[in-house]
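[1] Model the structure of this input:
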Amino acid sequence: MSRRQARELALQVLFQVDIGRAQPEAAMQYAARQRPLNEDDLAFAGKIVRGTLENLSAIDGVISRVSHDWELSRMAAVDRNIIRLALFEIFYCADIPPAVSVDEAVELAKVYGGGDSSRFINGILGKVVRDPAGYL
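    Reported below is the predicted structural model:
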């Protein structure tokens with residue numbers, strides 16, 4: 001459960017950076033004060049945030065190639081950032097099975113997204129997981 005909380009914190013930070021144009025470090029500090037985590041989980045959240053932002057161009061390129069009918073800018077911001085963090089895990093975290101990243105993203109979407117978010121996110125990520133080499 002603690003990794004899920006770390007992903008929730010990472011999502012909050014990514015959302016603040018994306019929508020509010022917050023500085024990642026400041027957003028991380030603020031979010032960590034609001035949602036205290038142990039040291040390991042805070043480090044995991046930081047890894048997700050830093051890694052997602054460092055690889056944002058490549059990750060957004062994957063999203064654009066997979067989501068033919070949805071431009072990145074038209075996606076709900078929560079959905080876009082859930083997909084981003086899941087794709088970071090899928091492509092850059094070899095220690096996390098892709099199925100876990102997809103499941104966690106779907107669960108985040110059920111809590112933070114709209115009515116169809118979980119299906120939408122599952123569809124996007126499912127395409128990538130079936131052929132990851134074809135997208136990055």
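
[2] for the chain, what's the longest helix?
    For the chain, the longest helix by residue count, based on DSSP state H, is helix 2-20.

[3] what packs against that helix?
    helix 24-34, helix 39-54, helix 77-92, helix 98-112 (3 or more Cβ pairs under 8 Å, 6 or more residues apart in numbering; DSSP states H and E). C-betas here are computed from N, CA, C, even on glycine.

[4] can you list contacts of the second one?
    Read that as helix 39-54. Contacts with helix 39-54, where a contact means Cβ atoms under 8 Å, 6 or more residues apart in numbering, come from 2-3, 5-7, 9-10, 13-14, 17, 24, 28, 32, 37, 59, 84-85, 88-89, 92-93.

[5] Also the shortest one?
    Taking contacts as Cβ under 8 Å, 6+ apart, the residues outside helix 24-34 that touch it are 9, 12-13, 16-17, 20, 22, 42, 45-46, 49-50, 53.

[6] and the angle from it to helix 2-20?
    Put simply, helix 24-34 runs at 130 degrees to helix 2-20, going by axes from the mean of the first three to the mean of the last three Cα atoms, to 10 degrees.

[7] and helix 24-34, which residues are buried?
    Buried residues in helix 24-34, counted by 16 or more other Cβ atoms under 10 Å: Pro24, Ala27, Met28, Ala31, Ala32.
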